[in-house]
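Colleague: let's see this in three dimensions:
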Amino acid sequence: MAENTKTENPIEYLWGKLGNWVTGVALSASIWIASLFLSGYVLTVLWPWYVTPLFPTMPTLDHLQATGLVLILAMLTKQAKATPVKNKDESTEEKGERFLWDLAAPFVRPLMFLLVGWAIHAIWF
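Modeller: Coordinates of the predicted model:
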């Protein structure tokens, strides 16, 4: 009977798994926070274009107020994740594409809102 030459210490194995998990959580949290602040910036641009003309007594928002408002609205409304459904049979290339989309999606959405808002503002105001 051949003895397994690759013996791995269970503590090192668990430590490696924990490190991967912590790295994933830190990356996800960083992306979420960055997209939250980007959404706050987009709201500070759109607010004086659309809300202030309708309600002249409404104050303008600074970046932190807008970010807080985005956070509250995200908490109160269900935010659908714009990620394709995972397929067990997908290739490495498809997994890479999905990973890149997962990284880009939180930034694409607020930038699309800004682009559409800018276009409407440029045409009608």
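Colleague: just say helix, strand or coil for Pro56.
Modeller: When classified by DSSP: H, G, I helix; E, B strand; the rest coil, Pro56 comes out as coil.
Colleague: and it, how many neighbours?
Modeller: 7 (other Cβ atoms under 10 Å). The way it works is simple: take the backbone N, C-alpha and C, and place the C-beta from them, glycine included.
Colleague: go on, Lys95?
Modeller: Counted with other Cβ under 10 Å, residues neighbouring Lys95 total 12.
Colleague: what's the answer for Ile72, then?
Modeller: 10.
Colleague: likewise Gly40?
Modeller: With other Cβ under 10 Å as criterion, Gly40 counts 21.
Colleague: now it: how far from Pro110?
Modeller: Gly40 sits at a distance of 9 Å from Pro110 (criterion: Cβ to Cβ, to the nearest Å).
Colleague: and what of Ala122?
Modeller: Distance from Ala122 to Pro110, by Cβ to Cβ: 18 Å.
Colleague: grab the most central residue of this structure for me.
Modeller: Residue closest to the average C-alpha location in the chain (Cα atoms, centre = their mean): Pro106, at 3.0 Å.
Colleague: contact partners for it?
Modeller: Residues counted as contacts of Pro106 (Cβ atoms under 8 Å, 6 or more residues apart in numbering) are Ile31, Trp32, Ala34, Ser35, Leu38.
Colleague: list phi and psi for it.
Modeller: With angles defined as degrees, to the nearest 10, Pro106 sits at phi -60, psi -20.
Colleague: next one: it, what pLDDT does it get?
Modeller: Pro106 is assigned a predicted lDDT (pLDDT) of 82.
Colleague: again, but for Thr60
Modeller: What the model reports for Thr60 is a pLDDT of 91.
Colleague: how about it: what's its closest non-neighbour residue?
Modeller: Pro48 (5.6 Å; Cβ to Cβ, 6 or more residues apart in numbering).
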